[in-house]
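In: give me the fold of what follows.
(chains A and B)
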Amino acid sequence: MDIPYTSQARPDTGVYNAKVGVWLFLASEVMLFGALFSAYTLLRVGALPADWPHGLLNIPIGTFNTVVLITSSVTVVMAWASLKAGRLDRFKIFQAITVLCALAFLGIKSFEYRDKFTHYEVWKTDGRRLTGHIEGKPSFLTLDKLKDAKVEKIRFIPDAHHYAEGRLAARKHDGEHAAVEIAVSEIKRLSAFVPAHSTYFAIYFTLTGLHALHVLGGAIVIAYLLGPGSRMWFKDPERFTNRVETAGLFWHFVDLVWIFLFPVLYLL
Amino acid sequence: MNHSTQDFLKHVRGYLIVGAALLIGTVLTVWASYIDLGHHWNIVLALVIATTKASLVALFFMHLISERQMIYLVLGFTAFFFAGLMALTIGAYHDFPPLTVTR
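Out: Numbers count the residues shown, from 1 in each chain, chains lettered A, B, ... in the order given. As a prediction, the model looks like this:
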């Protein structure tokens, strides 16, 4: 049995069925990310200024990733336009660039995540707070783990600025201080920049993790359409072009979400 | 040059212009964040630039500038419920107990 209206527009809606389907799906996605943005807003207004980190995310890397996603949005729409012009060869070039951009985005994002897992904040018993790196750059270390391992002191390389100094001051990455020794008995709390560190990192990892899963899902679909899925072009070019368009709509939505995530998480 | 090639080139030109505008918007967003306009105005400016960029993506890349009524209907419902969600968020902000909202 043939699925109706995969190539031609349905007379009452004026569009092919998959397009209505993908827009309904995107509507649910708007509400999903909308709910998380709402959570972000309420967490932020409920946090003390000194407890809402600034300057801990790498702005040049975030900017570069934004450029990568914008480039992929251009190539995905060009791939669709190529098919409209009957050029499968051009379509393949543009889709291949899109997949490369998606992989680059995910690679850069995982590099950023790894950097956060080795970056720490120390809350000392005298009330002082320091951010920086533990010598040897271990990941996911906690105070309990240090105590269990009977470690008496750590060598800590503090950042030049703590985020409590304010949004713009915290962005100055003018080097690190010299390594200091901190006795474990003087530490009240120790946390890497993981979701448990603060509500900021909890919502940061939730939003960017969910977005990265969308990038991965979109990349898999685009790669399929570039590879084995492209055989449909020779049997039913109109239907194949429609498939590419719906995948493209999803991809643009992923780009659109990042356009808001970048300033909200990295810059403000 | 045949019709399809001309058509393709016309589309490509348009998409490249929108892509360039999005890149300029990204640079503007970063640049504006280094200017201290006061906390609230920095947020407003960043959101204005982001909304402009998002509109460009939606209108030109997602072809909403010339879409069928059915799609606008779906989007109309989405916009209504999204606005409701944001209204609830703002309402919740104003409903916080005294001294719990810090900014």
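
In: quickly list the domain ranges of chain A.
Out: What automatic domain parsing lists as the domains of chain A is A:17-116+A:198-267, A:120-192.

In: which ones are touching residue A:94?
Out: A:75-76, A:78-79, A:82 (C-beta atoms under 8 Å, 6 or more residues apart in numbering or on different chains). No exception for glycine: its C-beta is placed from N, CA and C like everyone else's.

In: mind telling me which of the domains of chain A the model trusts least?
Out: The minimum mean pLDDT among the domains of chain A belongs to domain A:120-192 (a mean of 87).

In: for whichever residue of the stretch 101-250 of chain A sits closest to chain B, which residues are in contact?
Out: Chain B sits closest to residue A:249 of the stretch 101-250 of chain A, with a gap of 5.7 Å, by C-beta to the nearest C-beta. Each residue near residue A:249 by C-beta under 8 Å, 6+ apart is listed here: A:19, A:22-23, A:26, B:62.

In: which secondary structure elements does the helix or strand where residue B:51 lies contact?
Out: Secondary structure assigned from DSSP states H and E places residue B:51 in helix B:39-56. Under the contact criterion of 3 or more C-beta pairs under 8 Å, 6 or more residues apart in numbering or on different chains; DSSP states H and E, helix B:39-56 touches helix A:237-262, helix B:3-33.

In: can you redo the ones you listed as CSV with distance to residue B:53?
Out: Below are those laid out as CSV (distance: least, C-beta to C-beta, whole Å):
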stretch, distance to residue B:53
helix A:237-262, 5
helix B:3-33, 4
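
In: list just the nearest of the contacts of residue A:94 to residue B:72.
Out: Nearest to residue B:72 out of the contacts of residue A:94 is residue A:76 (C-beta to C-beta; 22.5 Å).

In: which element is the residue most central in space within chain A on?
Out: Closest residue to the average C-alpha location of chain A: residue A:208 at 3.4 Å, with C-alpha atoms, centre = their mean. Using DSSP H and E, residue A:208 sits in helix A:199-226.

In: contacts for the helix or strand just after that helix?
Out: Next helix or strand after helix A:199-226 toward the C-terminus (DSSP H and E): helix A:232-235. Residues outside helix A:232-235 that contact it (C-beta under 8 Å, 6+ apart): A:83, A:88, A:239-240, A:243.

In: and if you look at stretch A:69-82?
Out: By C-beta under 8 Å, 6+ apart, stretch A:69-82 touches A:88, A:90-91, A:94-95, A:97-98, A:101-102, A:105, A:222, A:241, A:244-245, A:247-248, A:251-252, A:254-255, A:258, B:8, B:11-12, B:15-16, B:18-19, B:22-23, B:26, B:57, B:61.

In: give me the number of residues near residue A:224?
Out: Neighbourhood size, residue A:224 [other C-beta atoms under 10 Å in any protein chain shown]: 13.

In: no no, residue A:84
Out: The tally of other residues near residue A:84 (other C-beta under 10 Å) stands at 16.

In: before we move on, what about residue A:35?
Out: 13.

In: what's the answer for residue A:201, then?
Out: Neighbours around residue A:201, by other C-beta under 10 Å: 19.

In: among the contacts of residue A:249, which ones are in helices?
Out: Among the contacts of residue A:249, the ones falling in helices (DSSP state H) are A:19, A:22-23, A:26.

In: for the residues you listed, work out which two are farthest apart.
Out: Farthest apart among the ones in helices among the contacts of residue A:249 by C-beta to C-beta are A:19 and A:26. That separation is 10.6 Å.

In: between these two, who's got more neighbours?
Out: residue A:19 (24 against 19).

In: mind checking pLDDT for residue B:102?
Out: Confidence score, pLDDT, at residue B:102: 57.

In: how about residue B:2?
Out: In this model, residue B:2 is scored at 55, pLDDT.

In: next one: the one 4 residues further on
Out: Looking at residue B:6, its pLDDT reads 72.

In: what's the burial count for it?
Out: Neighbours of residue B:6 (other C-beta under 10 Å): 11.

In: return the most buried member of the helices and strands packed on helix B:39-56.
Out: helix A:237-262 (a mean of 23; mean count of other C-beta atoms under 10 Å in any protein chain shown).

In: and that helix, how far from the chain's centre?
Out: 17 Å (C-alpha atoms, centre = their mean, to the nearest Å).

In: one more: stretch A:167-186?
Out: 26 Å.

In: would it count as contacting chain B?
Out: Yes. Contact between stretch A:167-186 and chain B, assessed by C-beta under 8 Å from any C-beta of the partner chain, occurs at A:167-168, A:171.

In: next secondary structure element downstream of the helix or strand where residue A:69 lies?
Out: Using DSSP H and E, residue A:69 maps to helix A:59-84. Downstream of helix A:59-84, the first helix or strand assigned by DSSP H and E is helix A:88-117.

In: may I see the buried residues of that following helix?
Out: A:90-92, A:94-99, A:101-102, A:104-106, A:108-109, A:115-116 (16 or more other C-beta atoms under 10 Å in any protein chain shown).

In: surely residue A:121 is within a helix?
Out: No. Counting by DSSP: H, G, I helix; E, B strand; the rest coil, residue A:121 is not found in a helix; it is strand.

In: touching, it and residue A:134? I think so.
Out: No. Contact criterion C-beta atoms under 8 Å: residue A:121 and residue A:134 do not qualify, at 11.1 Å.
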